[in-house]
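Novice: need a 3D model of the sequence below.
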Amino acid sequence: MWLLIGEALLAGGLLVFIVWWTMFSGRRPDKDPADHPADARDDDPPR
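Specialist: Below you'll find the model as predicted:
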């Protein structure tokens, strides 16, 4: 019984760790958007 509880806790901890890791692994907010022209907003409307 304890083996099943331990395994469930380990799986839950691993799930939380993976979600936490992926939440904060994106691009840092201090980067300049001009570094990525595809991501930069174009203020001029298309003509």
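Novice: which stretches of the chain form helices?
Specialist: Using DSSP state H, the helices found in the chain span residues 2-23.
Novice: so where is it shaky, pLDDT-wise?
Specialist: Residues of the chain meeting the criterion pLDDT under 70: 27-47.
Novice: how many neighbours does Leu9 have?
Specialist: 10 (other Cβ atoms under 10 Å). C-beta: built from backbone N, CA, C; applies to glycine.
Novice: mind listing what it touches?
Specialist: Under the criterion of Cβ atoms under 8 Å, 6 or more residues apart in numbering, Leu9 has no contact partners.
Novice: and it, how close does it get to Leu3?
Specialist: 11 Å (Cβ to Cβ, to the nearest Å).
Novice: cool, Leu14 as well?
Specialist: 16 Å.
Novice: the two - which one has more neighbours?
Specialist: Under the neighbour definition other Cβ under 10 Å, Leu14 and Leu3 were set side by side, and Leu14 has more, 10 against 7.
Novice: for that one, what are its contacts?
Specialist: Contacts of Leu14 (Cβ under 8 Å, 6+ apart): none.
Novice: burial of Met1, as a residue count?
Specialist: 5.
Novice: next one: it from Gly26, what distance?
Specialist: 40 Å.
Novice: how about the CA coordinates for stretch 14-25, as PDB?
Specialist: Written as PDB, here are the backbone C-alpha positions of stretch 14-25 (Å, rounded to 0.1, in the frame of the first residue of the first chain):
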ATOM      1  CA  LEU A  14       7.100  15.000 -11.300                       C
ATOM      2  CA  LEU A  15       4.000  16.500 -12.900                       C
ATOM      3  CA  VAL A  16       4.200  19.600 -10.800                       C
ATOM      4  CA  PHE A  17       7.900  20.000 -11.600                       C
ATOM      5  CA  ILE A  18       7.400  19.700 -15.300                       C
ATOM      6  CA  VAL A  19       4.500  22.200 -15.300                       C
ATOM      7  CA  TRP A  20       6.600  24.600 -13.200                       C
ATOM      8  CA  TRP A  21       9.600  24.200 -15.400                       C
ATOM      9  CA  THR A  22       7.700  24.900 -18.600                       C
ATOM     10  CA  MET A  23       5.900  27.900 -17.200                       C
ATOM     11  CA  PHE A  24       9.100  29.800 -16.700                       C
ATOM     12  CA  SER A  25      11.200  28.500 -19.600                       C
END
